[in-house]
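Peer 1: quick one: sequence and predicted model below, then my questions.
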Amino acid sequence: MMPKKMLFAGLFSCLISSGYGQEIPKLSDQHFPGVIELHVDATNLGQKIFSVHERIPVKPGKMVLLYPEWLPGTHSPEAQMAQLGGLKITANHHALEWKRDEVNIFAFHLDVPAGVSEIDADFQYLSPLNDKQGTILVTPEMLAIHWEKVVLYPAGYYSHNIDVEASVTLPPEWQFASALELRDQNGANVRFKPISLEDFIDSPLYAGQFFKRFDLDPGSKVPVYFDVFADAPENLEAKPEQIELHRALLQQAYKLYGSHHFDHYDFLVAASDHFSFEGLEHHQSGENGVKPNYFTDWDKGLALRGYLIPHEFSHSWDGKFRRPAGQLNGNFNLPMKNSLLWVYEGQTEYWGFVLAARSGLLTTEQVRDAMAMSAAYLVYSPGREWRALQDTTNDPVINQRRPLGWPDWQRAEDYYDEGALIWIDADTKIRELSGDKRSLNDFAQLFFGVENGRHSPLTYTFDDVVAALNKVQPYDWAQFLRERLDSHGPGAPMDGLTRAGWKLVFTDTPTAYYKSLVDEGGGVDCWYSLGLTISKGGHVGRVMWNGLAFKAGLSSDAQLLGVNGREYSEELLKSAITKAKTSKEAIELLFKKDGRFQTVKFDYHEGLKYPKLERIEGARDRLDEILSPIK
């Protein structure tokens, strides 16, 4: 690994000029003198306001404080500066004026008077009150503190050279979980041990009224906990066999990677209909937003159980320990380079599904059905015609995960799903070339399993990935990867599934996995038939670019009111599409769009279509071998 100060030397050979007329100090590889003391009062649940107090060691003279802008895992400058309010800075109880940088809005300039050795900063983090303002992190039953939202830090230092000692006041009798190590607790007041700013921001805190901790590795020197916060106490009741599946996930991950790079690990789980944060990876913890019935209605939570939980856990190896060189920044206000997200996220997507099957969180059939859904969507996504997969790694910066009007044409972060197809392609290619003696399992141990117990990130480049693949199985892996990353189709890279012994087909009956996803959101999926989806209430969800609905002039701002002269219902629409298979009559749908009514006739007679995988007769079933547990 290249030393951090060498890695960033070229980026900061000179001071960064600011519009305020001062300069933001360049990074210097020296330890910040002293420890930042940070306290968060998290008791104002009704108004969802966090009150923050910081005490920061300083020296007299000009100083710049930064509010974190770039967060690892989001791959983007996702900070919402408008949610910081009431900033007041004092020294020896006297107010200090600050001025925001005119170019870098995340930088605050101030002059520290002579004789001052520390300053106090007080402000509020105004957490979103509803979904329109952002992700809901506070409810009457639970909360999450993302430390990057409640901290200011001095410019000029690498984040791993700044130490923070944090404390928090929680609502009375609430319990909490975090990768941070506890120093002491006095009732609702909790204080943590000092830690570097880099690791501090990577260690969110969850707290709540209803909490239960499950030990996933009893007796281990490296404890791993499944920490569940719920809307109600009954949502915490898990069956022993359900916890055993999560324990199997842990052991299968250990067997896959052959290492761990944490002293302890916490699955932070919010089982809620009101808390809206979905998921994010961290080195010693992972955030997972699931439905309240995660345990109590086991058969309905297939996607989150089989995708989210193993995915975020795998990131401890892929993304947090082994990290693309462009993702390792000196601090939280420097841009990241996302060109290797097809490894960071794409391979994690692949291992997430594989580990779901190997642990039993999903059956092999359910994982196949999930793969069929991903593959089918990509096969029918025309955006590949103009935009290569490699360019989608820029999406976190270009789009910042905002809703898209035409996602199959615009390509929304396809480095996840298409990245996973590339890695099953690589896996089965290794198996084929080696006579099924080696596989991507060997790559995982070679690439992610090194330096067992090491915490600091180990960076990699495209050439490092190619070199590791060649150690597992000699081949022209550079060309293999570049062809798939830079091509424009048509269709998605399906060779991996074919080599695994399976092909994509469509049937008129949805798979159980497919149905669980549609049932969860409600509505009707006509994507592969009429070229659109209908959400609850008849609202058009998405329209396939160049599909039948698109050619009829429809878009997602329309509402379906009638089917063949009758008032719309989900069953009536599905019945009309099915009956049209044996009829020459067009399907007549009435829409309301832009305050006007529009009748659209679909001359379509192929019935409902749902993707699934079907065995290729006579081919070796490598997919079953991939999804089988490691002994």
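Peer 2: That came through fine.
Peer 1: contacts only, for residue 604.
Peer 2: By Cβ atoms under 8 Å, 6 or more residues apart in numbering, the contact set of residue 604 is 529-530, 548, 577, 580, 586-587. No exception for glycine: its C-beta is placed from N, CA and C like everyone else's.
Peer 1: quick check: strands, which of those are part of them?
Peer 2: With DSSP state E as the criterion, strands contain residue 587 from among these.
Peer 1: most neighbours of all the contacts of residue 604, which one?
Peer 2: residue 529 (27 neighbours; other Cβ atoms under 10 Å).
Peer 1: per-residue pLDDT, that one?
Peer 2: Residue 529 carries a pLDDT value of 97.
Peer 1: one more: the one 10 residues further on?
Peer 2: pLDDT, residue 539: 96.
Peer 1: now do the contacts for the closest residue to it other than its chain neighbours.
Peer 2: Distance criterion Cβ to Cβ, 6 or more residues apart in numbering; nearest residue to residue 539, sequence neighbours excluded, is residue 559 at 5.3 Å. Contacts for residue 559 (Cβ under 8 Å, 6+ apart) come out as 537-540, 591-593.
Peer 1: which SS state does the closest residue to residue 384 other than its chain neighbours fall under?
Peer 2: Counting by Cβ to Cβ, 6+ apart, residue 384 lies nearest to residue 489, which is 3.8 Å off, once chain neighbours are set aside. Classification of residue 489 by DSSP: H, G, I helix; E, B strand; the rest coil places it in coil.
Peer 1: just give the number of residues close to residue 489.
Peer 2: Neighbours around residue 489, by other Cβ under 10 Å: 17.
Peer 1: show the pLDDT at it.
Peer 2: For residue 489, the predicted pLDDT is 78.
Peer 1: just checking, it touches residue 385?
Peer 2: Yes - at 5.9 Å, residue 489 and residue 385 qualify as touching, with contact defined as Cβ atoms under 8 Å.
Peer 1: can you tell me how far the residue nearest to residue 539 is from residue 603?
Peer 2: 22 Å (Cβ to Cβ, to the nearest Å).
Peer 1: kindly report the same for residue 144.
Peer 2: For residue 144 relative to residue 603 (Cβ to Cβ), the value is 51 Å.
Peer 1: the domain parsing of the chain - what is it?
Peer 2: 32-298, 322-501+618-627, 512-610 (automatic domain parsing).
Peer 1: distance to residue 308 for the ones you listed - can I get that in JSON lines?
Peer 2: Shown next, in JSON lines, are these (distance: least, Cβ to Cβ, whole Å):
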{"stretch": "domain 32-298", "distance to residue 308": "5"}
{"stretch": "domain 322-501+618-627", "distance to residue 308": "8"}
{"stretch": "domain 512-610", "distance to residue 308": "13"}
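Peer 1: and residue 314, which of those is closest to it?
Peer 2: For residue 314, the closest of the domains of the chain is domain 322-501+618-627, at 4.7 Å, according to Cβ to Cβ.
Peer 1: mind checking which of the domains of the chain is nearest residue 306?
Peer 2: That would be domain 322-501+618-627 among these, by Cβ to Cβ, at 3.6 Å.
Peer 1: for that closest one, measure first residue to last.
Peer 2: 24 Å (Cα to Cα, to the nearest Å).
Peer 1: can you check stretch 377-395 too?
Peer 2: First-to-last residue span, stretch 377-395, Cα to Cα: 18 Å.
Peer 1: for that stretch, buried residues please.
Peer 2: 377-384, 387-395 (16 or more other Cβ atoms under 10 Å).
Peer 1: got it, and stretch 137-151?
Peer 2: 137-139, 141-151.
Peer 1: quick one: contacts for the spatially most central residue of the chain?
Peer 2: The residue lying closest to the centre of the chain (Cα atoms, centre = their mean) is residue 280, at 4.7 Å. Contact analysis of residue 280 by Cβ under 8 Å, 6+ apart lists 73-74, 204, 286-287, 312.
Peer 1: would you list every one of the helices in the stretch 401-550 of the chain?
Peer 2: 407-410, 417-433, 440-448, 462-472, 477-486, 495-499, 512-521, 548-551 (DSSP state H, counting those that start in this stretch).
Peer 1: where along the stretch 201-350 of the chain do the helices fall?
Peer 2: 240-257, 302-303, 309-314, 341-344, 346-359.
Peer 1: residues in contact with the shortest one?
Peer 2: Where contact means Cβ under 8 Å, 6+ apart, the residues beyond helix 302-303 that reach it are 362, 366, 370, 512-513, 516-517, 520.
Peer 1: try it again at 10 Å.
Peer 2: 290-291, 356, 361-363, 366-367, 369-370, 373, 512-517, 520 (Cβ atoms under 10 Å, 6 or more residues apart in numbering).
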